[in-house]
Structures are given as C-alpha cells and as structure tokens.
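1. below are the sequence and a predicted model; questions follow.
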Amino acid sequence: NAGVMQNPRHLVRRRGQEARLRCSPMKGHSHVYWYRQLPEEGLKFMVYLQKENIIDESGMPKERFSAEFPKEGPSILRIQQVVRGDSAAYFCASSPRGQGATQQPQHFGDGTRLSIL
Amino acid sequence: GDSVTQMEGPVTLSEEAFLTINCTYTATGYPSLFWYVQYPGEGLQLLLKATKADDKGSNKGFEATYRKETTSFHLEKGSVQVSDSAVYFCALSEISGGYNKLIFGAGTRLAVHP
C-alpha cells in the first residue's frame, strides 16, 4: 500500500536548465496538489490537479512553471530556465476522489529538494 | 484571505516536559484544522485533525481542540520524548469549489533533549 511517491529526492540544476519533478499519488487517489517550501518557511500551495485537468493554479508563478497530470503516469511539475530563487523543497500531496474531498486529509510525499547552482 | 499563525520556534524542552505549540487562524468559513509533523529530510505526516468546533483531535499522546471562539487549535502533549523532535505545522483547509487547499503556518521546530 504505497504512499505518495516523489522522484527524484534530490535534484541539482544549473541556472537556465529545466527541472522536472514527478509525483505518483496514492493508489485510488486522483486529486494531486503541489506545494513549495522555502528554507525555514511553511508550505505554500502552488497548484491543484485532477486527471487531465488543472483545477486551481493560483499559487503558481505565471512564468516558467507548469504542471500536468496526464491520464496515464505521474503528475509532473516543470520549471523552465531555473533561477537561484527556485531552490526549495517541492512537495506533492494526494487525496481520494469524490469522497467529500473537503474532509479528507492530504497525504504527502517525501518531497524533492531542488538546488540551483 | 485565510491564514494561520504559529508560535515561533525553536522550542527546546527536556524529556518528559509538557508541550504547548500555539496556533491561531483566520478564515471566512468553517475550515477543518490539522497538525502535520515533519521529521528531518522527510515529508509531512498528518498528526491529527479536527473538522468542527469543539472537536478534539488526538494521536500519539498529542491533542488539539478546535476552539471557534478563540480561533485557535493549540497542540499539546503531556510528556515529550526525544523522538518527538521535529517541525510541527498547523494548517487549515480553505474550502473552495468542493476541494480543500491547505494553508500552512510557518512551522515550529521542537527540540527535545534527554
């Protein structure tokens, strides 16, 4: 009964490169959330997706960031042309489908620590 | 918008001491409230939750009561252990369009010494 799986655990990129972060939700979960945690801060909501749909991307920077959750495969958070300020831990969470999602806690993965050189 | 405020850390305690981590919130509706714990290098684990006023969440000796009148959800434990050393996050679920978006406090680091 695997939990939320994120990979890679650690990712190092040089400025200007692309970063791709992957998240496989828990079995039976079709709601995926991405959060960003800057050093010594709490998590900040970025985007909420259901299969093949972006529901709420109000926390995503308008440029360079994108997210998808295809019909098959993991959810992907993509950061293009990375800058030093993108260094953070990125967490994915999932919750069940159609079970009063407002009452269901989100289950978190162990995160991807992104470092920009 | 909705927000969560936690007491600043670090909180340093001796083993078996009593723990309180304060959390207050502002919300326009009636959110669910959560405490998550993050151990070094790991993701967040749900510690406890409460979904309505006067509910008490409890787990592993930790407790928190949803106080609507004071908009608070303080975390308490009667006797902490070294293994409780971690960062604790208070969060509320901002309900919008049928799904919950978590709003987190900044986190409180707890260090317990033998």
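-> Received the coordinates, thanks.
2. secondary structure class for residue A:85?
-> Secondary structure, DSSP: H, G, I helix; E, B strand; the rest coil: residue A:85 is helix.
3. not counting its neighbours along the chain, what's nearest it?
-> residue A:116 (7.9 Å; CB to CB, 6 or more residues apart in numbering or on different chains). C-beta: built from backbone N, CA, C; applies to glycine.
4. repeat for residue B:66
-> residue B:50 (4.0 Å).
5. surely that neighbour touches residue B:73?
-> Yes: with contacts counted by CB atoms under 8 Å, residue B:50 reaches residue B:73, the gap being 6.8 Å.
6. how about the residues of chain A near chain B?
-> Within chain A, the positions near chain B by CB under 8 Å from any CB of the partner chain are A:4, A:6, A:31, A:33, A:35, A:40-45, A:48, A:55-56, A:91, A:93, A:95, A:101-111.
7. in stretch B:69-78, what counts as buried?
-> For stretch B:69-78, burial by neighbour count (16 or more other CB atoms under 10 Å in any protein chain shown) applies to B:72, B:73, B:74, B:75, B:77.
8. these two touch, right, the last one and residue B:18?
-> Meaning residue B:77. Yes: Residue B:77 is within contact range of residue B:18, at 7.3 Å (criterion: CB under 8 Å).
9. which other helices and strands does the worst-scoring helix or strand of chain B on mean pLDDT contact?
-> When the helices and strands of chain B are scored by mean pLDDT, DSSP states H and E, strand B:99-104 comes last with a mean of 83. On a contact count with 3 or more CB pairs under 8 Å, 6 or more residues apart in numbering or on different chains; DSSP states H and E, strand B:99-104 meets strand A:29-37, strand A:43-50, strand A:53-56, strand A:88-96, strand B:3-6, strand B:86-96.
10. where among these is average confidence lowest?
-> Among the helices and strands packed on strand B:99-104, strand B:86-96 carries the lowest mean pLDDT, at a mean of 87.
11. good, wrapping up.
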